[in-house]
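Novice: One predicted model, sequence on top.
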Amino acid sequence: MVDNDPVNDLAPLLTPEGRALLDEVRDTDPAQELAVATRLRRDHPAELVSAALGQARLRQRAAVKFGAEDAGRMFFTPNGVEQSTRASVAAYRAGRMAALGVASVADLCCGIGGDAIALARAGIRVLAVDRDPLTAAAARANAEALDLAHLIEVREADVTEVDTTGYDAVFADPARRGGRGRIFDPEAYSPPLSWAVAAARRAPRAALKVAPGIPHEAVPQDAEAEWISDGGDVKEAVLWFGTAAGAVRATLLPGPRSLLSRGLPDPDVRPPGRYLYEPDGAVIRAHLVAEVAEQVGGGLLDATIAYVTADALHPTRYATAYEITDHLPFNVKKLKALLRERQVGTLTVKKRGSAVEPEELRRKVKPQGPHAATVFLTRVAGAPAMLLGHPA
């Protein structure tokens, strides 16, 4: 592995020599970096070679979020790769902005420009602002690399000093990571959530990206709260202003498909039925398990756990259904005997409300055989339990 600071200055990479090097090292295997660096340093400055290899490594990591084609043309910082919005989520949010009639957006805390790119591709003019010089340089380079510079103006500035008057909407993505990792207190965001909310209220419309774990009580009453998942993984929450104040929704990608809160009371607790429904994470975060339970005619296995059970199979786009074959009190020996009897060699372990780790359980039961099963480690009416089944 080459020892370098991957992107401490983008300028050399934007020169003809730098771009040629980036093309040359595009598909470099990390295990071969030292050999490649040694060879390239015969003809190029060592700092430029290190920067190119570091950028190639970041592009490879970024392909998961941006797709290989875009990532192969863009410029990244280490923090930018970690904190950028997944392209599919940014595109959904930009599409919703466009559907609201938004033609111009002030993108505050723009990072390397992932959201600005999605907005521009939706036909929206963007002012992208970030106070970090390197990050702003990356956002500017990305707008140019993707032929969107005519729609994206990048400004290096403190977002708290930017006048957003004249823009149809504000989008803000305050930093939620600090020197010690993730920040969970919205007032410890940079800038704080209270500042972002005030900025949103000054605009005709606004969207604030926040952590999906934001407490519901921290959501302003005049905001719509939306939790978004992509491929089953919860990615973010968004506070919308100028839409439907007080509304709560879970949006699942790809799709999109959205489930709106109807203010239903918590479902009743009932004994396990033939089917178990595992709600999507965005549904759980949005506190919409009751809406799923109503759709499938079910109740909860336990008052504190988001597993829904029902006697019949009902199609729902907001939960995964499993047919339950066995309901046991928690007992590893009994589970091991049952798996041996069923010749289960592929065991998927899901848990909610259990302290047992899936890998620990697999080691103890040693599944063997040609069949597959799913075991849920959970509680049923407060008692530790195991439910065995398979996708319906």
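Specialist: Happy to help now that I have it.
Novice: residue at max distance from the center of the protein?
Specialist: With distances taken from the mean C-alpha point of the chain and given as Cα atoms, centre = their mean, the most distant residue is residue 42, at 42.0 Å.
Novice: And that one, how far from residue 28?
Specialist: From residue 42 over to residue 28 the distance is 16 Å, taken as Cβ to Cβ, to the nearest Å. Every residue, glycine included, has its C-beta placed from N, CA and C.
Novice: swap in residue 194?
Specialist: For residue 194, the distance to residue 28 - Cβ to Cβ - is 45 Å.
Novice: With neighbour numbers in mind, choose between these two.
Specialist: Each of residue 194 and residue 28 has its neighbours counted (other Cβ atoms under 10 Å); residue 28 has more, 19 against 13.
Novice: Now residue 118: closest residue in space that isn't a chain neighbour?
Specialist: Distances taken as Cβ to Cβ, 6 or more residues apart in numbering place residue 90 nearest to residue 118, at 3.6 Å, with adjacent residues excluded.
Novice: centre of the chain versus stretch 125-133, how much separation?
Specialist: Stretch 125-133 has its C-alpha centroid displaced from the chain centroid by 22 Å (Cα atoms, centre = their mean, to the nearest Å).
Novice: neighbouring contacts of it?
Specialist: Outside of stretch 125-133, the residues that reach it under the criterion Cβ atoms under 8 Å, 6 or more residues apart in numbering are 103-111, 113, 116, 119-120, 136, 139, 143, 151-159, 162, 164, 167.
Novice: Which ChimeraX command selects the buried ones in the residues you listed?
Specialist: ChimeraX command restricting the contacts of stretch 125-133 to the buried ones, with burial defined by 16 or more other Cβ atoms under 10 Å:
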select :105,106,107,108,109,110,111,113,116,119,120,136,139,143,151,152,154,155,159,162,164,167
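Novice: In strands, which of the contacts of stretch 125-133 fall?
Specialist: Applying DSSP state E to these, the entries found in strands are 104-108, 152-156.
Novice: Quick one: find the helix or strand in the protein with the lowest mean pLDDT.
Specialist: Every helix and strand of the chain was ranked by mean pLDDT, DSSP states H and E. The lowest is strand 177-178, at a mean of 62.
Novice: rewinding a little: out of the ones in strands among the contacts of stretch 125-133, which two sit at the greatest distance?
Specialist: Between all members of these, the longest pairwise span (Cβ to Cβ) is found for 104 and 156 and amounts to 19.6 Å.
Novice: can you list the weak-confidence ranges in the stretch 251-392 of the chain?
Specialist: When the per-residue scores of the stretch 251-392 of the chain are filtered using pLDDT under 70, no range remains.
Novice: follow-up on the earlier one: of the ones in strands among the contacts of stretch 125-133, closest to residue 56?
Specialist: Here the nearest of the ones in strands among the contacts of stretch 125-133 to residue 56, counting by Cβ to Cβ, is residue 154; it sits at 23.3 Å.
Novice: Is it correct that that closest one is in contact with residue 141?
Specialist: No. With contact defined as Cβ atoms under 8 Å, residue 154 does not reach residue 141; the gap is 9.0 Å.
Novice: Mutual contacts of those two, please.
Specialist: Counting by Cβ under 8 Å, 6+ apart, residue 154 and residue 141 have no shared contacts at all.
Novice: sorry, back to before: format the ones in strands among the contacts of stretch 125-133 as JSON lines; extra columns: pLDDT and distance to residue 328.
Specialist: Rendered in JSON lines, the data for those read as follows (pLDDT from 0 to 100; distance: Cβ to Cβ, whole Å):
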{"residue": "104", "pLDDT": "98", "distance to residue 328": "59"}
{"residue": "105", "pLDDT": "98", "distance to residue 328": "54"}
{"residue": "106", "pLDDT": "98", "distance to residue 328": "57"}
{"residue": "107", "pLDDT": "98", "distance to residue 328": "53"}
{"residue": "108", "pLDDT": "96", "distance to residue 328": "53"}
{"residue": "152", "pLDDT": "98", "distance to residue 328": "58"}
{"residue": "153", "pLDDT": "98", "distance to residue 328": "62"}
{"residue": "154", "pLDDT": "97", "distance to residue 328": "59"}
{"residue": "155", "pLDDT": "97", "distance to residue 328": "61"}
{"residue": "156", "pLDDT": "96", "distance to residue 328": "61"}
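Novice: would JSON lines of those residues with distance to residue 67 be doable?
Specialist: Converted to JSON lines, the ones in strands among the contacts of stretch 125-133 look like this (distance: Cβ to Cβ, whole Å):
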{"residue": "104", "distance to residue 67": "26"}
{"residue": "105", "distance to residue 67": "22"}
{"residue": "106", "distance to residue 67": "26"}
{"residue": "107", "distance to residue 67": "20"}
{"residue": "108", "distance to residue 67": "25"}
{"residue": "152", "distance to residue 67": "19"}
{"residue": "153", "distance to residue 67": "25"}
{"residue": "154", "distance to residue 67": "22"}
{"residue": "155", "distance to residue 67": "27"}
{"residue": "156", "distance to residue 67": "27"}
